[in-house]
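**Q** return a 3D structure for these sequence lines:
(one chain, ligands or ions: 1)
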Amino acid sequence: MKILVLNSGSSSLKFQLFLLPGLSVAASGLVEGIGEATGAARINFADESGREKTLEYQQPVSDHRQAIRLMGELLKESGSFSDISEIAGIGHRVVHGGEKFHEPVLIDHTVIETIERLVPLAPLHNPANLTGIRVIMEHAPDIPQVAVFDTAFHQTMPEHAFMYALPYEIYNKLHVRRYGFHGTSHGFVARRAADYLGRPIEELNIITLHLGNGASAAAIRGGRCIDTSMGMTPLEGLVMGTRSGDFDAAILFYLAREAGMDIDALDRMVNRQSGLKGICGENDMRTITEAAEKGDDRARLALDIFCYRLKKYIGSYMAALGGVDCIVFTGGIGENSAVVRMKACSGLEAMGITIDHERNMGCRKDIMAIHSDDSSCAILVVPTDEELEIARQTVKVCGIRRENS
Ligand code: ADP
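**A** Numbering: from 1, shown residues only. The predicted structure is shown next:
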């Protein structure tokens, strides 16, 4: 039997097929350009002799319905499955669970209605997630589907961490509060870090730094999130590829008055034209690091701002937690950029946090410890795997006995 994991975004559908009982990956793929003029569908899988293979089609994809059909065809063509009855459960990444969902849930009509009601909080993401769920429900109503929420892990934040100092009524009436995102990843890497250190997570204070195109930090005490850097939307907090992270909200009023910018232009600016891209015109950390090394001043500035913000969050979360046992770097940048890790930790030696430069330069696909022997806190690089975590949660929620599968 198999578990299928779906991540449907506004214009893309990522999928991964796992084999039970071990949850090894049988195939993974992507349908992109949904609703756009040009589209593509791709699947990576291993053939019978174990060789890595790719099947790819370039064709327009009109909507998510067609995207799911294409995914089914690619899975069949690759030999990854021959019949839908082989699927024991389907896990969906759902971006916003609001205050309703604290953990993954089995999807039924009530769950769908609740996710629908949360659309105003995530207008780009929740509708795409829902389409994926509905199309599967129509075609294969007997397969159990599970929703795994990006926000759920952060629902343990105390009130003083999730409330904004804004009029209380807008929380009551309009649900304006901090929710946090990337929760599946923060939870996954925190548990892996505790396993690696051989200590119960209940005893540990952990700061996790998920640094990809989107970036967020979380403060985790005893396995429960007590604070995170993203807020009501994924805009708040760290500097990101194209998002500003924290800034003075009054800048928006100033730009509206002085530059005549309307709400759409301001939204575009802070979400798509800011962050690393806004500073140096590039949002790929590899390109930025290379340019900075060659003496490009703007690239160096973008890197400096990114790492300085990170360091400030590490410091503030140490204060929030009352000390830290382990700092975890993950995501495309966290897992691969030794420069970012080094700059984010430099200057923290007075607080007992010391990185080992040689270990930090190491390159492994697995967990890597990069602190020096005299550091009071472990610093780990932990590859994240949100799809695997969603597959595990799906198995758990569906009550699938892995040893018997
Ligand atoms: P997403 O948030 O889209 O899942 P990823 O977690 O894949 O993003 O991270 C993408 C980021 O990781 C990009 O900024 C990319 O430049 C960066 N990245 C990937 N490999 C490296 C590397 N070797 N060195 C520095 N940055 C890297």
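**Q** report the separation between the nearest residue to V189 once chain neighbours are set aside and P104.
**A** In space, and not counting its chain neighbours, V189 is closest to V382: 4.3 Å by Cβ to Cβ, 6 or more residues apart in numbering. All C-beta atoms are positioned from the backbone trio N, CA, C, and that covers glycine. From V382 across to P104, the span is 21 Å (Cβ to Cβ, to the nearest Å).
**Q** could you list the low-pLDDT ranges of the chain?
**A** Counting by pLDDT under 70, the chain shows low-confidence ranges at 402-405.
**Q** Q16 should be in a strand, yeah?
**A** Yes - per DSSP: H, G, I helix; E, B strand; the rest coil, Q16 lies within a strand segment.
**Q** the ligand versus that one, what's the distance?
**A** Using Cβ to the nearest ligand atom, to the nearest Å, Q16 is found at 14 Å from the ligand.
**Q** hmm, who's touching the helix or strand where L75 lies?
**A** Under the criterion DSSP states H and E, the helix or strand holding L75 is helix 64-77. With Cβ atoms under 8 Å, 6 or more residues apart in numbering as the test, helix 64-77 has contacts from 8, 13, 15, 17, 27, 29, 31, 34, 41-43, 55, 57, 61, 81-82, 84, 128, 131-132, 135-136, 139.
**Q** one more time with 6 Å
**A** For helix 64-77, contacts defined as Cβ atoms under 6 Å, 6 or more residues apart in numbering pick out L13, F15, G29, V31, I34, A41, I43, L55, V61, F81, T131, V135.
**Q** also stretch 248-257?
**A** By Cβ under 6 Å, 6+ apart, stretch 248-257 touches M261, L266.
**Q** one more: stretch 90-103?
**A** Stretch 90-103 is contacted by residues 4-7, 114, 118, 121-122, 125-126, 129, 132-133, 136, 143, 145-152, 155, 390-391, 394 when judged by Cβ under 6 Å, 6+ apart.
**Q** mind listing the strands for the stretch 251-400 of the chain?
**A** Applying DSSP state E, counting those that start in this stretch to the stretch 251-400 of the chain gives strands spanning 326-330, 368-369, 378-381.
**Q** ok, and does the longest one reach over to the ligand?
**A** No - counting by Cβ under 6 Å from any ligand atom, the ligand is not contacted by strand 326-330; separation bottoms out at 8.2 Å.
**Q** pairing partners for that strand, with directions?
**A** strand 205-211 (parallel), strand 378-381 (parallel) (DSSP bridges).
**Q** just the CA atoms of it, as CSV, please.
**A** Output of strand 326-330 as CSV, limited to C-alpha atoms (Å, rounded to 0.1, in the frame of the first residue of the first chain):
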residue,chain,number,x,y,z
CYS,A,326,20.1,23.7,20.5
ILE,A,327,19.9,25.9,17.4
VAL,A,328,18.7,24.2,14.2
PHE,A,329,19.3,25.5,10.7
THR,A,330,17.1,24.1,8.0
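**Q** begin at 8 from here
**A** Sure, I'll start numbering at 8, so the last one becomes strand 333-337.
**Q** phi first, then psi, for V38.
**A** Main-chain dihedrals, V38, degrees, to the nearest 10: phi -110, psi 120.
**Q** hang on, I meant C232
**A** phi -70, psi 130.
**Q** any idea how many residues pack against the closest residue to the ligand within the stretch 208-357 of the chain?
**A** Nearest residue of the stretch 208-357 of the chain to the ligand: G339, at 2.1 Å (Cβ to the nearest ligand atom). The tally of other residues near G339 (other Cβ atoms under 10 Å) stands at 17.
**Q** hmm, back to that, adding mean neighbour count, write the strands of the stretch 258-407 of the chain out as JSON lines.
**A** Output for the strands of the stretch 258-407 of the chain, formatted as JSON lines (neighbours: other Cβ atoms under 10 Å):
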{"stretch": "strand 333-337", "mean neighbour count": "26"}
{"stretch": "strand 375-376", "mean neighbour count": "18"}
{"stretch": "strand 385-388", "mean neighbour count": "23"}
